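>>> my questions are about this predicted structure, shown below with the sequence.
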Amino acid sequence: MTSRFVDTGDLRMYVQLHGSPVDGRRPLLLIHGGGSTIETNWEHLIPTLSPTRLIIAVEEEGHGRTKPTERALTSEASARDVAAVITELALGPVDVLAFSAGGSTALALAIARPELVGRLILASSFAKRDAMVDGFWDGLARGTLADMPAVYHHAALALNGGDRDSLQRLFELDSTRMLTSTDVPDDSLRAIAAPALVIVADRDVITVEGTARLARTLPDARLLVLPGNHGDYLGERGAAGGTAGSVALTAPHLLAFLDG
């Protein structure tokens, strides 16, 4: 693994590179979910996928080692950061695997910079606010830093010298991003030419019905419903409890799609 920061114009985005380029296979860009880091989101998936292709993993604004700025964290701003990383590394086009809120960044990237995206995997992500389970938005609006899972507290504090102000800023960035999010217009979704795999768990915070609607709206998409909850099928630390979870069962589906 190698790591570096890329100056995107607005911030210095932290990037990790795992594995090596493989002829005939695009690099795979990973975009984590809200509150997370590369390690908490992808610690079990990266070792599974990196022998097959180059993996590029980023941390969004205020997450992990990417410091926050005074700007708002939006999917569009984060997509511009990611586009700058791909351009700086001269590795595009890339395939993209994004989880949860990271899926909104991936959609914004595919809409604004389609030439940078080969294939697109949206895992437990949403494009319409009504795709979430009942009570999700009310619960998020009432939430405080204390409601953020402890695993994210520990990871953020460990990477930022125990700075609780940065942890509070992380919570504010993520909660504001979600609460101010708006529906992605159907016309924008229909304009995404990249083949897509849309994944949801049967006990997710996004409904199967809402995810199926997203898959139907995208012009070239397949739907995959897995048993589990919000991220355990990826080995995400907050969902899978630090174990590999169902990664061994999920990875073949990802690889089959990426290899076309």
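Arrived safely, thanks for sending.
>>> how about Ile38, nearest residue that isn't a chain neighbour?
Among residues not flanking Ile38 along the chain, Ala57 sits closest, at 4.5 Å (C-beta to C-beta, 6 or more residues apart in numbering). Quick note: C-beta positions are derived from backbone N, CA and C, even for glycine.
>>> and Ala252, which of the three is it?
One correction, residue 252 is Pro, not Ala. Three-state assignment for Pro252 (DSSP: H, G, I helix; E, B strand; the rest coil): helix.
>>> if I look at it, how far off is Leu49?
11 Å (C-beta to C-beta, to the nearest Å).
>>> elements contacting the worst-scoring helix or strand of the chain on mean pLDDT?
Every helix and strand of the chain was ranked by mean pLDDT, DSSP states H and E. The lowest is helix 237-240, at a mean of 88. Helix 237-240 sits against helix 38-42, helix 150-159, with contacts defined as 3 or more C-beta pairs under 8 Å, 6 or more residues apart in numbering; DSSP states H and E.
>>> between Pro252 and Leu49, which has more neighbouring residues?
A count of neighbours by other C-beta atoms under 10 Å puts Leu49 above the other of Pro252 and Leu49, at 21 against 10.
>>> how about the more buried one, what does it touch?
Counting by C-beta atoms under 8 Å, 6 or more residues apart in numbering, Leu49 touches Gly19, Leu28, Ile55, Ala251, Leu254, Leu255.
>>> can you do 7 Å?
Taking C-beta atoms under 7 Å, 6 or more residues apart in numbering, we find Leu49 in contact with Leu28, Ile55, Ala251.
>>> burial count for the second one?
Okay, so that is Ile55. 24.
>>> can you check Val198 too?
Quick note: Val198 (other C-beta under 10 Å) scores 26 neighbours.
>>> any idea which helix or strand carries the nearest residue to it once chain neighbours are set aside?
In this structure, Val198 finds its nearest non-sequential neighbour in Ala215, 4.3 Å apart by C-beta to C-beta, 6+ apart. Here Ala215, judged by DSSP states H and E, is contained in helix 208-217.
>>> what's the angle from the helix or strand following that helix to helix 208-217?
The helix or strand immediately downstream of helix 208-217 is strand 221-226, counting by DSSP H and E. Angle between the axes of strand 221-226 and helix 208-217 is 160 degrees (criterion: axes from the mean of the first three to the mean of the last three C-alpha atoms, to 10 degrees).
>>> buried stuff in strand 221-226?
Within strand 221-226, the residues that count as buried by 16 or more other C-beta atoms under 10 Å are Ala221, Leu223, Leu224, Leu226.
>>> any idea how far the first one lies from Arg119?
Ala221 sits at a distance of 11 Å from Arg119 (criterion: C-beta to C-beta).
>>> quick one: Val58 and Met13 touch, right?
Yes. Between Val58 and Met13 there is a contact at 5.8 Å, judged by C-beta atoms under 7 Å.
>>> so what's Ser181 up against?
Ser104, Arg129.
>>> pLDDT score assigned to Gly260?
With respect to pLDDT, Gly260 has a value of 88.
>>> mind showing which ranges of this protein have poor pLDDT?
Counting by pLDDT under 70, not a single residue of the chain qualifies.
>>> how about the helices in it?
Per DSSP state H, the chain carries helices over the ranges 38-42, 45-49, 75-89, 101-112, 136-142, 150-159, 164-179, 186-190, 208-217, 237-240, 247-258.
>>> ok, which of these comes nearest Ser124?
helix 101-112 (7.3 Å; C-beta to C-beta).
>>> ok, and for the closest one, which residues are buried?
Counting neighbours by 16+ other C-beta under 10 Å, one finds that the buried residues in helix 101-112 are Ala101, Gly102, Gly103, Ser104, Thr105, Ala106, Leu107, Ala108, Leu109, Ala110, Ile111.
>>> now, which of these sits nearest Ser78?
Ranked by distance to Ser78 (C-beta to C-beta), those are led by Thr105 at 4.3 Å.
>>> please name the nearest non-neighbouring residue to that closest one.
Closest to Thr105 by C-beta to C-beta, 6+ apart is Ser78, at 4.3 Å.
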